[in-house]
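Visitor: need the 3D shape of this:
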Amino acid sequence: MGNIYGICCDGSGDIYCCDISCACRKISVSTGMINTVAGSLSMDGYGGDGANSVNGLLNWPYGVFVDGTGNILIADQGNNRVRVALQLTSSPVFVYGNGQTIDICQGVSHPLDYQLAVGGMDAGSTEIWTVVTPPAHGALAGFPAAALSHGVDTVSIPRGTVYSPTASYSGIDSFQVRVSNGFSSSLVTVYVSIGANSPGTISGGSIVCLDSPLALNDAVTGGVWSSSNNNIATIDPVGGLVTATGNGTDTIFYYMYSGGCDYSVITAGVVAGNISGSNTVCAGSEITLADPVPGGTWSATGSDASVSASGVVTGLYPGATAIEYSVTNACGTATTEQVVTITDCTTTGISSRPLVIALNVYPNPASSVVDVQWTDPAGSNASVAITDITGRELYRGALVAGNTQIDISSFPAGVYFVKTGGTEVKKFIKE
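Guide: Alright, predicted model coming up:
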């Protein structure tokens with residue numbers, strides 16, 4: 001944050017302040033999280049009345065006050081106005097209800113991200129998930145969790161939350177989780193049925209494509225099928241027909257009326273995973289990259305580095321090269337990439353070849369198109385993705401060195417991020 005020009009506390013002790021960046025922030029005393037509640041971190045001006053306050057513009061906000069209902073009053077000095085950011089106090093609502101059940105096999109963890117998804121109309125507020133009553137026969141991970149609320153017709157998801165049963169336990173378990181937006185909250189009770197592993201043999205395949213359902217069978221008849229993540233795949237509980245709803249991996253469970261349980265991990269669509277490892281290497285040296293999805297192929301799109309079949313990158317010349325990892329299955333091909341910068345580590349002087357990769361986005365704010373300017377002295381091309389504030393990808397395409405124009409007319413108004421395959425990120429606002 002820059003120079004602070006206004007500061008106050010609300011009834012919960014949370015701190016609100018406005019700074020030279022022309023934005024006002026909220027600091028949660030319970031979590032330490034800092035969220036922008038009004039204005040822009042990169043631009044001053046006047047605009048945004050009647051819309052989400054985080055998409056509005058302020059001009060040297062010099063004072064801030066929070067009233068008893070959570071409305072934020074801002075002395076917008078440069079615009080000669082007092083601006084009010086209204087607090088919508090609707091309770092966050094669990095999308096799948098306040099009493100939920102999950103069925104899993106003994107010793108198999110179950111992701112809770114979508115199980116605990118909430119909806120609400122308080123766009124811009126922070127939803128916090130905390131454990132109220134822990135499970136008696138398992139453990140929860142990923143709590144407390146936090147996510148921004150995005151208003152009507154959207155959901156907020158606590159990424160990385162997981163329930164893991166005690167390895168040797170089978171039977172019934174339960175736990176309670178509360179979600180709060182700082183003004184109101186909701187409570188969910190999750191009941192867990194843990195089946196003892198007495199597997200039959202699940203057959204039918206392990207890959208389901210988005211346009212072609214997959215039929216699964218088990219050697220033991222009369223059981224019930226379920227999916228651990230309906231955002232990846234759904235399954236007919238009686239017939240065992242799997243339908244892909246997204247790309248990723250999912251655990252399919254088969255519960256037998258005798259109390260036994262069987263499961264199988266399937267891949268829906270085709271995914272390439274995320275590359276891990278260093279993004280810099282000295283010319284003449286090596287680094288090793290890895291990807292969690294097996295069976296893919298490595299390739300280099302530039303001439304400044306090479307990559308082996310096992311992901312070993314060798315720096316050849318100072319510059320930058322996009323290292324790609326591609327996975328192909330019956331559903332098609334998916335590719336992910338990481339830009340590796342190669343430096344001359346033999347001298348302390350200035351390299352004869354510039355290494356700076358520049359990414360610029362304009363106009364900002366934008367209404368119908370954005371121009372993405374990509375400058376790579378190594379002469380390489382890359383890919384570009386645009387994501388919203390939740391990380392949801394709305395666009396991906398080739399990025400040619402120079403200037404690329406992207407149509408954003410169909411994007412909802414809000415904050416977006418332009419990312420290359422490396423570490424370069426730029427933010428822009430869609431009006």
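Visitor: now the residue nearest to Val66 when sequence neighbours are not counted: how far from Asn181?
Guide: Leaving aside its sequence neighbours, Val66 sits nearest to Asp10 (C-beta to C-beta, 6 or more residues apart in numbering; 4.2 Å). Glycine gets a C-beta too; all of them are placed from N, C-alpha and C. Using C-beta to C-beta, to the nearest Å, one obtains 13 Å as the distance from Asp10 to Asn181.
Visitor: number of nearby residues for the residue nearest to Val66?
Guide: 20 (other C-beta atoms under 10 Å).
Visitor: got phi/psi on it?
Guide: Backbone torsions of Asp10, given as degrees, to the nearest 10, read phi -90, psi -170.
Visitor: that one reaches Phe65, doesn't it?
Guide: No. The pair Asp10 and Phe65 does not pass the contact test of C-beta atoms under 8 Å, sitting 9.6 Å apart.
Visitor: low-confidence regions, the stretch 201-350 of the chain specifically.
Guide: Applying pLDDT under 70 to the stretch 201-350 of the chain picks out residues 258-259, 347-350.
Visitor: swap in 50 and give it another go.
Guide: Scanning the stretch 201-350 of the chain for pLDDT under 50 picks out the ranges 348-350.
Visitor: who does Asp103 form a beta bridge with?
Guide: Ser193 (DSSP bridges).
Visitor: now do the contacts for it.
Guide: 192-193, 195, 224, 226, 253, 255, 261 (C-beta atoms under 8 Å, 6 or more residues apart in numbering).
Visitor: can you lay out those as CSV showing distance to Thr130, secondary structure and neighbour count?
Guide: Formatted as CSV, these follow (distance: C-beta to C-beta, whole Å; DSSP: H, G, I helix; E, B strand; the rest coil; neighbours: other C-beta atoms under 10 Å):
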residue, distance to Thr130, secondary structure, neighbour count
Val192, 19, strand, 20
Ser193, 24, strand, 16
Gly195, 29, strand, 23
Val224, 32, strand, 14
Ser226, 27, strand, 18
Phe253, 28, strand, 23
Tyr255, 30, strand, 20
Cys261, 30, strand, 24
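Visitor: which pair in the residues you listed spans the largest distance?
Guide: Val192 and Val224 (15.5 Å; C-beta to C-beta).
Visitor: run the chain-centre distance for the helix or strand containing Gln100.
Guide: Assigned by DSSP states H and E, Gln100 falls within strand 99-105. From the chain centre to the centre of strand 99-105 is a distance of 24 Å (C-alpha atoms, centre = their mean, to the nearest Å).
Visitor: OK, contacts around the residue nearest to Val66?
Guide: Residues in contact with Asp10, defined by C-beta under 8 Å, 6+ apart, are 16, 66, 70.
Visitor: and Ala268, by the same measure?
Guide: Neighbour list for Ala268: 208-210, 232-233, 242, 244-250 [criterion: C-beta under 8 Å, 6+ apart].
Visitor: in strands, which of those appear?
Guide: 208, 233, 242, 244, 248-250 (DSSP state E).
Visitor: what is the nearest of these to Tyr395?
Guide: Gly248 (19.8 Å).
Visitor: and the closest one, how many neighbours?
Guide: Count around Gly248 with other C-beta under 10 Å applied: 17.
Visitor: check Gly222 too.
Guide: Neighbour tally, Gly222, other C-beta under 10 Å: 9.
Visitor: circling back: tell me the mean pLDDT over the strand holding Gln100?
Guide: Strand 99-105 shows a mean pLDDT of 89.
Visitor: for the helix or strand following it, packing partners?
Guide: Next along the chain after strand 99-105, taking DSSP H and E as the criterion, comes strand 110-111. Packing contacts for strand 110-111, counted by 3 or more C-beta pairs under 8 Å, 6 or more residues apart in numbering; DSSP states H and E, involve strand 162-165.
Visitor: I figured Gly302 hits Ala322, correct?
Guide: Yes. Counting by C-beta under 8 Å, Gly302 does reach Ala322; the two are 6.2 Å apart.
Visitor: part of a helix, is Pro294?
Guide: No. Looking at Pro294 with DSSP: H, G, I helix; E, B strand; the rest coil, it is coil, so not inside a helix.
Visitor: can you pull the domain assignment for the protein?
Guide: Following automatic domain parsing, one gets these domains for the chain: 4-85, 93-197, 202-268, 280-343, 358-430.
Visitor: nearest to Asn274, out of these?
Guide: domain 280-343 (6.3 Å).
Visitor: so how far is that closest one off the chain centroid?
Guide: For domain 280-343, the distance to the chain centre is 24 Å (C-alpha atoms, centre = their mean).
Visitor: mind checking the end-to-end distance for that domain?
Guide: End-to-end distance for domain 280-343: 7 Å, by C-alpha to C-alpha, to the nearest Å.
Visitor: go on, stretch 39-56?
Guide: 5 Å.
Visitor: residues making contact with it?
Guide: Contacts for stretch 39-56 (C-beta under 8 Å, 6+ apart): 18, 21-24, 36-38, 57-61, 72, 76, 78-79, 83, 85, 123-124, 151, 364-365, 413-415, 427, 429, 431.
Visitor: what sits closest to Leu187 if chain neighbours are left out?
Guide: Arg178 (5.0 Å).
Visitor: same question for Pro363.
Guide: Nearest one to Pro363, counting by C-beta to C-beta, 6+ apart, is Val370 at 7.3 Å.
Visitor: pLDDT at the one you found, what is it?
Guide: 88.
Visitor: tell me which element it falls in.
Guide: strand 369-375.
Visitor: look up which residues are beta-bridged to Thr280.
Guide: Thr341.
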